[in-house]
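Undergrad: Have a look; sequence and predicted model below, questions after that.
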Amino acid sequence: MRSQRFTSVWDAIEGTPEEAENMKLRSALMTALKNHLIKTGISQVQAAQILGVTPPRVSDLVRGKINLFSLDALVNMAAAAGLHIEVRIRETA
């Protein structure tokens, strides 16, 4: 049995490189949002008001339910939270 090495868990479990890249971006945004909410110490109800979503949606975010969030939705939530998003694009190796 031959083992494979992957640079990301998403590369290992997603079907295509495109899906893996999308999941990497969504994961990074979710982590940044969750860390921001923890750092600010606000409640999920307050966070929902700021982000323009419902408290259950914030709960899904905090619990890491990545399959429930599109890249667009996460970008909008990050912007509403006052986070600045930068994208860096480079050639694959």
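TA: On my side now, so go ahead.
Undergrad: so for stretch 86-93, what's the average pLDDT?
TA: Summarised as a single mean, pLDDT over stretch 86-93 is 84.
Undergrad: From Asp60, how far off is Arg88?
TA: Distance from Arg88 to Asp60, counting by CB to CB, to the nearest Å: 28 Å. Placement of C-beta: from N, CA and C, glycine included.
Undergrad: ok, these two, which is more surrounded?
TA: Neighbour tally, Arg88 and Asp60, criterion other CB atoms under 10 Å: the higher count belongs to Asp60, 17 against 4.
Undergrad: Tell me, how many residues neighbour the closest residue to the more buried one other than its chain neighbours?
TA: Once flanking residues are discounted, Asp60 sits nearest to Leu68: 5.1 Å by CB to CB, 6 or more residues apart in numbering. By the criterion of other CB under 10 Å, Leu68 has 11 neighbours.
Undergrad: Likewise for Lys34?
TA: 15.
Undergrad: so which strand or helix has Glu21?
TA: Using DSSP states H and E, the element containing Glu21 is helix 17-40.
Undergrad: Give me the most central residue, the protein.
TA: Nearest to the geometric centre of the chain sits Met30, at 2.7 Å (CA atoms, centre = their mean).
Undergrad: pretty sure it contacts Ser70?
TA: No: using CB atoms under 8 Å as the test, Met30 is too far from Ser70 to be in contact (11.5 Å).
Undergrad: Going by residue numbers, what spans are strands in the protein?
TA: Assigned by DSSP state E, the strands in the chain number zero.
Undergrad: Now do the helices in it.
TA: Under the criterion DSSP state H, helices of the chain are mapped to 9-13, 17-40, 44-51, 55-62, 71-80.
Undergrad: what's the last one packed up against?
TA: Helix 71-80 sits against helix 17-40, helix 44-51, with contacts defined as 3 or more CB pairs under 8 Å, 6 or more residues apart in numbering; DSSP states H and E.
Undergrad: Can you flag the weakest of the ones you listed by average pLDDT?
TA: Averaging pLDDT over each of the helices and strands packed on helix 71-80 puts helix 17-40 lowest, since it has a mean of 92.
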